[in-house]
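> compute the structure for the input listed below.
(2 chains)
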Amino acid sequence: MFQQVPMVEIDGMKLVQTRAILSYIATKYNLYGKDMKERALIDMYAEGVADLGEMIMHLPLCPPDQKDAKTSQIKESITNRYLPAFEKVLKGHGQDYLVGNKLSRADIHLVELLYYVEELDPSLLANFPLLKALKTRVSNLPAVKKFLQPGSQRKPPMDEKNLEEAKKIFRMQ
Amino acid sequence: MAGKPKLHYFNGRGRMEAIRWLLAAAGVEFEEIFIKTPGDLDKLRNEGSLMFQQVPMVEIDGMKLVQTRAILSYIATKYNLYGKDMKERALIDMYAEGVADLGEMIMHLPLCPPDQKDAKTSQIKESITNRYLPAFEKVLKGHGQDYLVGNKLSRADIHLVELLYYVEELDPSLLANFPLLKALKTRVSNLPAVKKFLQPGSQRKPPMDEKNLEEAKKIFRMQ
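Numbers count the residues shown, from 1 in each chain, chains lettered A, B, ... in the order given. Model prediction:
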């Protein structure tokens, strides 16, 4: 619709816009809470994950002279802003999942992010026991466990070659 | 009984304006608590009211919601502006996200360094004319209905019409070749709740001026 990807063909629609696609899938497969208040919490958490995810995603595109500063900034916000916020949610209700004592998209988005945080610097997760437990719990769900194994459709971190290829496709300088 | 929603933000459009538009269009009265100094923002942070230490924050139905999209989705659902089923919601989300992408570019324009501003403005005008407006005009042309989704007012129409006002502020000629979008803008503007919001004295915020921008930079501790 807007000349951009991602695009997902699903149920007769050609959906673009990542959030529209994610929300549709979450609704369809009951990963979006039981009512509008749970959905609001899930959205709030998912958006926080998306904000941090966006920063991490753009890091490879950062000019080399700014990269160290940017990386420090991101690590600082991971440690002082984002991980504490999510640890606090889990501590607050003491349940296994972020919302409604049931797996939702919020848990999946967060655990995905925790893998990227770990790739950036494993020590960042050190002081967040409940997040580590969530990561383990979700990773052990059969479908997720399968996805985490080699040979799945999960993609590796971007390397130099990958980055050049993307820049070419998307006509970036 | 729940009181009015309370909006916490500075006295300017920024990321809260879409929320103001949606509440207004839904006919919902709301209160605003303006952040005027860095100290005001610190207070909200220190009292634990901001999950990610950021605003917008809206107190509604016993929740302190942050993240613009979470707030908008909750309001849209509550006031039946989110379509009738998941497929309509998907279309609404797709359209709303396209509006948000363009809205983000326009919002950041005042923050652009002066030497880059002309180039950036051209780029935005080009994407308005060649990417975004044609996409939405095509949707309306395709079904010939009065509203973007399901022949009924939804958040998608409100977000788009708000954006069309900003496009018009940027350059009125940009809307010239989009008759269906112009008609939508008129139609939605004439809805009683929207008409009221468009009048002087409402909670609608004006474009950012130099003073407003400096105030925002100070509050949010931007260079």
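
> what about stretch A:31-39, how long is it end to end?
10 Å (Cα to Cα, to the nearest Å).

> around B:L72, how many other residues sit close by?
By other Cβ atoms under 10 Å in any protein chain shown, 26 other residues sit near B:L72. Glycine gets a C-beta too; all of them are placed from N, C-alpha and C.

> how is chain B divided into domains?
Domain ranges of chain B: B:6-79+B:198-220, B:86-190, per the TED database.

> need the phi and psi values for B:M57.
phi -130, psi 130 (degrees, to the nearest 10).

> local confidence estimate at it?
Per-residue confidence (pLDDT) for B:M57: 98.

> please name the nearest non-neighbouring residue to B:Q67.
Sequence neighbours aside, A:E47 is the residue nearest to B:Q67 in space, at 3.7 Å (criterion: Cβ to Cβ, 6 or more residues apart in numbering or on different chains).

> so that neighbour sits against B:I71, correct?
No: the criterion here is Cβ atoms under 8 Å, and A:E47 misses it with B:I71 at 9.6 Å.

> between those two, which is the more surrounded one?
It is B:I71, of A:E47 and B:I71, that has more neighbours when counted by other Cβ under 10 Å, with 28 against 21.

> ok, now how distant is that one from B:M51?
Separation of B:I71 from B:M51 (Cβ to Cβ, to the nearest Å): 12 Å.

> what's the answer for B:L164, then?
32 Å.

> ok, now which ones touch B:S73?
A:39-40, A:43, B:82 (Cβ atoms under 8 Å, 6 or more residues apart in numbering or on different chains).

> could you dump the residues you listed into JSON lines and include secondary structure, pLDDT and distance to B:D93?
Shown next, in JSON lines, are the contacts of B:S73 (DSSP: H, G, I helix; E, B strand; the rest coil; pLDDT from 0 to 100; distance: Cβ to Cβ, whole Å):
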{"residue": "A:R39", "secondary structure": "helix", "pLDDT": "98", "distance to B:D93": "13"}
{"residue": "A:A40", "secondary structure": "helix", "pLDDT": "98", "distance to B:D93": "15"}
{"residue": "A:D43", "secondary structure": "helix", "pLDDT": "98", "distance to B:D93": "11"}
{"residue": "B:Y82", "secondary structure": "coil", "pLDDT": "98", "distance to B:D93": "9"}
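
> give me the neighbour count for A:Q3.
Counted with other Cβ under 10 Å, residues neighbouring A:Q3 total 11.

> how about the contacts made by it?
B:R131.

> tell me which helix or strand it sits in.
A:Q3 belongs to no helix or strand when elements are defined using DSSP states H and E.

> out of the contacts of B:S73, grab the one that's most surrounded.
A:D43 (27 neighbours).

> once you drop chain neighbours, what's closest to that one?
Using Cβ to Cβ, 6+ apart, the nearest residue to A:D43 is B:A70, at 3.6 Å.

> and the pLDDT at the one you found?
Looking at B:A70, the pLDDT reads 98.

> please apply the same query to the one 4 residues further on.
In the prediction, the pLDDT value recorded for B:Y74 is 98.

> and it, that's in a helix?
Yes: with DSSP: H, G, I helix; E, B strand; the rest coil as the criterion, B:Y74 is assigned to a helix.

> which residues touch it?
Taking Cβ under 8 Å, 6+ apart, one finds A:36-37, A:39-40, A:43, B:60, B:65 in contact with B:Y74.

> adding distance to A:I10, write those out as TSV.
Below are the contacts of B:Y74 laid out as TSV (distance: Cβ to Cβ, whole Å):
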residue	distance to A:I10
A:M36	23
A:K37	27
A:R39	20
A:A40	25
A:D43	20
B:I60	32
B:L65	29
